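Peer 1: Attaching a predicted model along with its sequence, questions to come.
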Amino acid sequence: SSSSASRRALPLALLLGLAFAGATSGQLPLAIEFVVSEPSPGDEDSPAIGMRDDGRFTVVWRDGPAGDTSDILFRNFDADGVPFAAAPLSEAANASQVDPAMAMNGNGDWIAGWVSDQVAATQPDLIGRRTTTNGSILLSESQINATGAHDTERLQLACSEDDSYVAVWKDGADGNEVYF
């Protein structure tokens, strides 16, 4: 894809009632599809989503030209799919931020993580950021992995009710092993 002014929208199928009706009846409701992201000159891809117990949800995604500098954005939605303004999650300028993942607990507190070359361009690291229910960012970005990564990808996160989290990822440094 080119980095021209054309943009790709991030479609998301909102499954109203899925968390409630689908769990009891065993049937999936029909989806209402709508655009999650706001207009942007770059490509928008790699969405991840988390949902609170009350149906409100948050989507994170990568925004920017492929292979160049890019940002990780997030957007909160109420239970009816009404969006709030999209906001940047990543802080680093002139860095490649890709492959976001997120986890949200039932209260709506969440963590997002992504692969970034902001620490060392030759060894991408996993960077993360925690937020509160309303999307207020709690802390600055922090590194998730303790060791220098070499070919980090496929980050997955889980978050508990007490806001603790765990992360797993694949790192090709030693033969494509999975790390915790």
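Peer 2: Nice, thanks for sending it over.

Peer 1: From now on I want contacts and neighbour counts done on CA atoms only, so please keep to that.
Peer 2: Will do.

Peer 1: buried stuff in stretch 116-132?
Peer 2: Applying a neighbour-count criterion of 16 or more other Cα atoms under 10 Å, one finds S116, D117, Q118, Q123, P124, D125, L126, I127, G128, R129, R130, T131 buried in stretch 116-132.

Peer 1: any idea of the mean pLDDT for it?
Peer 2: Averaging the model's pLDDT scores along stretch 116-132 yields 79.

Peer 1: Now do that stretch: distance from first to last residue.
Peer 2: For stretch 116-132, the first-to-last residue distance is 23 Å (Cα to Cα, to the nearest Å).

Peer 1: Any idea how many residues pack against A85?
Peer 2: 10 (other Cα atoms under 10 Å).

Peer 1: can you pull the contacts of it?
Peer 2: A85 sits next to R75, N76 when contact means Cα atoms under 8 Å, 6 or more residues apart in numbering.

Peer 1: Quick check: which element contains it?
Peer 2: Per DSSP states H and E, A85 falls between elements, in no helix or strand.

Peer 1: Same check on G128?
Peer 2: Here G128, judged by DSSP H and E, is contained in strand 125-131.

Peer 1: Show me what whichever helix or strand comes after that strand is packed against.
Peer 2: Counting by DSSP H and E, the element after strand 125-131 in chain order, helix or strand, is strand 142-143. If contacts are counted by 3 or more Cα pairs under 8 Å, 6 or more residues apart in numbering; DSSP states H and E, strand 142-143 sits against strand 125-131.
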